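1. fold the following, please.
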Amino acid sequence: MTESQASYSIIPNTIMIELADMDLSGVSIQTQAAKVAEEWGEFLAAQAKKPALDHVAEEAFDLMQALAGYLDMLGVDIEAANGKHLAKVWERGNKPRGRER
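-> Numbering: from 1, shown residues only. Take a look at the predicted model:
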């Protein structure tokens, strides 16, 4: 996979983010919800004072991974929910940035 394939979706004006499809079969929903809260706290802490962008990004991806796991455990169709989210964003008039590819 090339860098451009990993960075951008085939849907125009969207960014594709790939997360691991983790086996959380031994984890309770409550434990995963606590993991989301923990990662949120770490993400906020990474913003303190003069944040290091690599640390902020690391914590943001940890948070996204924890949230994706939580949604999956609840039985949410993540791809369908993402499609609804994108439609909502565009319907509200949020314009894409028109990134150069």
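2. show me the contacts for Val56.
-> Contact analysis of Val56 by CB atoms under 8 Å, 6 or more residues apart in numbering lists 43, 46-47. (C-beta placed from N, C-alpha, C; glycine too.)
3. quick one: it is in a strand?
-> No. Applying DSSP: H, G, I helix; E, B strand; the rest coil, one finds Val56 to be helix, outside a strand.
4. how near is it to Met16?
-> In this structure, Val56 and Met16 are 20 Å apart, going by CB to CB, to the nearest Å.
5. please apply the same query to Glu91.
-> In terms of CB to CB, Glu91 sits 21 Å off from Met16.
6. which of the two has more neighbours?
-> More neighbours surround Met16 than the other of Glu91 and Met16, with 11 against 8 (other CB atoms under 10 Å).
7. need the pLDDT of that one.
-> In this model, Met16 is scored at 84, pLDDT.
8. low-confidence ranges, this structure, go.
-> Scanning the chain for pLDDT under 70 picks out 1-12, 95-101.
9. give me the most central residue, it.
-> Met64 (3.5 Å; CA atoms, centre = their mean).
10. go through the helix or strand hosting that residue and flag the buried ones.
-> In this structure, Met64 sits in helix 53-74 according to DSSP states H and E. Across helix 53-74, burial judged by 16 or more other CB atoms under 10 Å covers 59, 62-63, 65-73.
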